[in-house]
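# pasted the sequence and its predicted model underneath.
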Amino acid sequence: MSKTFKLDGREIPFETGQTIMDAALAAGVYIPHLCHNPEFAPHGSCRVCVVDIGGRQVSACTAAASEGLEVDNSSEAIQETRRAILQMLFVEGNHVCPACEKSGACQLQAVAYYTGMLAPHFTHFFPRRSVDASHPDVVIDFNRCILCELCVRASRDHDGKRVFAISGRGLESHLVIDSHSGLLGDSSFAATDKAAHVCPTGAILPKGRGYETPIGERLYDREPISIVGDVRAHEEEVV
Amino acid sequence: MNASATVTVEGFVAESLATHGRDPRHLLQHLIRVQQRFSYVPDAAVEALSVALDVTRTQVRAAIAFYAFLHDRPRGAFEIRFSDNITDRMLGSRRLIRLLIERLGLTGLPAWGRDLVRPDGRASVGLASCTGMCDQGPALLVNGQAVTNLDAQRVDRIADLVQEGIPLERWPGEFFRVENNIRRRGLLLGNPATDGAAVRRLLDAGAEAALAEVERSGLRGRGGAGFTTALKWRFCREAPGTDRYVVCNADEGEPGTFKDRVLLTDYTDLVIEGMTVCAGVIGARRGFLYLRGEYRYLLPHLESVLQRRRAEGLLGTRILGADGFDFDIEIHLGAGAYICGEESALIESLEGKRGVTRKRPPFPVTSGFDDQPTVVNNVETFLAAARVVQWGGYWLRGEGTDQSAGSKILSVSGDCARPGIYEYPFGTPVHQVLSDCGAENTQAVQISGAAGATLSPADFDRIIAFEDLPTAGSFMIFDHSRDLLDMVRNFAAFFAHESCGFCTPCRVGGALLRNLVEKVAAGQGSEYDLSEMRRIGTVMRRASYCGLGHTAPNHVVNTLDKFPLIYGRRLARASHTPSFDLDAALSQARALTGRDDIGAHIGDGSEVSA
Ligand SMILES: Cc1cc2nc3c(=O)[nH]c(=O)nc-3n(C[C@H](O)[C@H](O)[C@H](O)COP(=O)(O)O)c2cc1C
Ligand code: SF4
Ligand code: SF4
Ligand code: FES
């Protein structure tokens, strides 16, 4: 008999060493997430995956599953916390969804829909951020970066390159690129890198393929993220 | 002082590498030296360090951007930073900053993270979070050296010294005098003397017996969280690993705390003895003292004590002749980051990286420095542990309460006649501290720093103890002449500035909170903004990744509960006030279209409904 814990009343089996997120994903239960990607070590930075265990909030992607836990993944209180976190992510950057190439296939947007976020709510910071189009195959729009560090981890742990890093601190934290000029075109980055295919938002986009799939027919236009899952699992289809 | 033309950046870096080694974990220490020497970290140093230490230049640059005391562009040859804690402000620091700026011919006012630099490179003026001199403020740092007891004359004189380019070594010594101001001594402060007695006791009785005494004492960590010290040591002792480490957390970043500074000054041997005993118990051969950059003036003193103890056989190989008991301590400097007091961020910083909190578990006791079992304890904890091993667990138990054995050292500042260091048995009520330090007409006490709790007079019968009012030691007093919103504004700016930026709620929530506090202070807030502050505070408390974000909204939520008037009397009438002026935003469109009739205007903010 395998060990189990309860998620919204449903028994979820798990093995020692698994996180709540691992076990839930394996059981086909959706817990919203942005900085998590099962291919990389858990990070715990976006906080969108918060769940409640007996009045204590933890991130499902980093908290170990254990026998007999009762995890709340869908109460209004938990969704409200997630909504606020998403609203924070939206006002921190510059997200112009209706005009964004990634719209409809963007995890940030899809998770926002899932949690019922209807408006950015907080006062926008309108930071001045740049777009880096120096690379022949890929463009980076820093306006849409949510600092999930997936590209950082993919480049370091998978591509063996260390192209990306986070610099600064607090609200000044920002993604930087390791090259003499700080530009992607002068780095060792290649479109075939794993790091080119992990971004949950439209911050890292391939060039020359704009609006291939019309808006309205894109991944999350058709089905919610809780059904179809992460955008990276549909790479071929949507990019 | 300033870069003399004779030493090139490359030459200086080469020398630093030759003297202090090429371990990539020493990156931060090299950067601090370069910053000291050249008033910034030039590109040439970034390149040289990245090659020599085999780290990416991005990692080097990211570290420079993270630490408040490192810069990628030149600051002044005299780099001046005023301590900007609320206690400094209460002692008139803002006026003195303006005076110095004027005297140096600068314009504007510095903000957190934004320094004023004189075009000729002679001087720069900036702000620092609390520099730990609250009992003798206002204070500033000049090229990393603390200057205390500022007043108009002193600031005038500093301006002259800067204008004349007099090197720091020739500035009046009294400027740099730091007092201990110990006002009340108890168990720990009563007697600074030691002659290695705790280490001897450890060797006589054995590690298990020493640990048993620490267990018996019930000693809990003095850094704030109050984790049982013996348990931490035991976990570490029993954790699998090839090496083990002892780390003394001398980051003392909590605004209003300065007791560790005093312990490091006059009780140095006892603190180091505590670290040594811990090393003996857990089997560590190396230890680190992580000293906040603000206390760098203590370096020569600390180094000399370490040196003397090595000579006395109390540190180094075969301590007191015991085979296999080898332990030595290195001092690592911080560079202006409050988060580096959080133990896992501290370890990241020890390893030369940005001080971002690590994922836990694993906890440092099983996977700390170099992923090996590591004990991180506060300065005061080590001091107490040394005495416990020397005098036995019952000695500590003789004072305090059930759950809080022994005494607590408080750093008292703010509105009172006798600010300074006070040691009390746990269980002492707040009002006793207030009457001992000569506080009158007290409106509020902020206990345990900006991250702690705001107490109103209704709380003054409560006791200082883990079971009631836990504290890392900060005790800031506000009398009725103060507007507590000034405190709230100060702390909100502090947390927005000190968030490491890793997680969303703290990074964004802290900035939103600061902006709302400022909006209310400017008389533009409404009830709606107050409820927004609560909502953001709740999300930060619940969802943040580490203790910084969990505690950052405390001061706002506490004051909303206990001192609603400081907000209420400033609210604009409407239940909602927009954060920007819609009508003003349309002025450009009006100019372009040439229309300025009534239909081209939107009513003023207070009429716009939510
Ligand atoms: C944001 C933050 C800042 C901290 N700053 C300090 C500090 O300056 N000094 C300290 O001893 N502990 C600090 N701590 C607590 C440490 O993480 C840790 O609990 C402590 O050093 C453990 O020592 P103790 O068990 O002896 O108290 C801080 C914690 C947080 C979350
Ligand atoms: S660019 Fe994309 S993957 Fe990289 S940190 Fe930003 S949002 Fe995450
Ligand atoms: S709460 Fe999050 S952002 Fe704030 S200091 Fe901790 S990890 Fe960094
Ligand atoms: S997905 Fe768990 S914190 Fe980001």
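Arrived safely. Numbers count the residues shown, from 1 in each chain, chains lettered A, B, ... in the order given. Ligands and ions are numbered 1, 2, ... in the order given.
# in chain A, where is pLDDT below threshold?
A:1, A:235-239 (pLDDT under 70).
# which residues in it form strands?
A:3-7, A:10-14, A:50-53, A:56-59, A:70-72, A:131-132, A:138-141, A:164-167, A:174-177, A:204-206 (DSSP state E).
# quickly list the domain ranges of chain A.
Under the assignment automatic domain parsing, the domains of chain A span A:3-74, A:87-208.
# rewinding a little: which of the strands of chain A sits closest to ligand 4?
Closest approach to ligand 4 among the strands of chain A is made by strand A:56-59 (4.2 Å; CB to the nearest ligand atom). C-beta coordinates here come from the backbone N, C-alpha and C atoms, glycine included.
# what residues of the closest one count as buried?
A:57, A:58, A:59 (16 or more other CB atoms under 10 Å in any protein chain shown).
# quick check, central residue of chain A?
residue A:34 (2.4 Å; CA atoms, centre = their mean).
# name the nearest residue to that one, sequence neighbours excluded.
Nearest residue to residue A:34 in three dimensions, chain neighbours excluded: residue A:46, at 4.2 Å (CB to CB, 6 or more residues apart in numbering or on different chains).
# quick revisit: compare the domains of chain A and give me the one nearest residue B:384.
Go through these one by one with CB to CB and the one that ends up closest to residue B:384 is domain A:3-74, at 30.4 Å.
# quick check: residues of chain A near ligand 4?
A:33, A:34, A:35, A:36, A:44, A:45, A:46, A:47, A:48, A:49, A:59, A:61 (CB under 6 Å from any ligand atom).
# now the residues you listed as JSON lines including distance to ligand 3?
JSON lines is the format used below for the residues of chain A next to ligand 4 (distance: CB to the nearest ligand atom, whole Å):
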{"residue": "A:33", "distance to ligand 3": "17"}
{"residue": "A:34", "distance to ligand 3": "15"}
{"residue": "A:35", "distance to ligand 3": "12"}
{"residue": "A:36", "distance to ligand 3": "16"}
{"residue": "A:44", "distance to ligand 3": "9"}
{"residue": "A:45", "distance to ligand 3": "8"}
{"residue": "A:46", "distance to ligand 3": "11"}
{"residue": "A:47", "distance to ligand 3": "8"}
{"residue": "A:48", "distance to ligand 3": "14"}
{"residue": "A:49", "distance to ligand 3": "15"}
{"residue": "A:59", "distance to ligand 3": "11"}
{"residue": "A:61", "distance to ligand 3": "15"}
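# now the helices for chain A?
A:20-26, A:76-92, A:107-115, A:150-153, A:219-222, A:225-228, A:235-238 (DSSP state H).
# shouldn't the residue nearest to residue A:34 be in contact with residue A:89?
Yes - here residue A:46 lies in contact with residue A:89, judged by CB atoms under 8 Å, at a distance of 7.4 Å.
# which one's more surrounded, the two?
Remark: of residue A:46 and residue A:89, residue A:46 carries more neighbours, 32 against 25, as counted by other CB atoms under 10 Å in any protein chain shown.
# picking that back up, of the residues of chain A next to ligand 4, which is the nearest to residue A:144?
Closest to residue A:144, out of all of the residues of chain A next to ligand 4 and judged by CB to CB, is residue A:34, at 12.2 Å.
# now do the same contact list for that closest one.
A:46, A:48, A:89, A:107, A:108, A:111, A:146, A:148, A:200 (CB atoms under 8 Å, 6 or more residues apart in numbering or on different chains).
# out of the residues you listed, which is nearest to ligand 2?
Nearest member of these to ligand 2, counting by CB to the nearest ligand atom, is residue A:148, at 3.6 Å.
# nearest residue to that closest one in space, please, no chain neighbours.
residue A:35 (3.8 Å).
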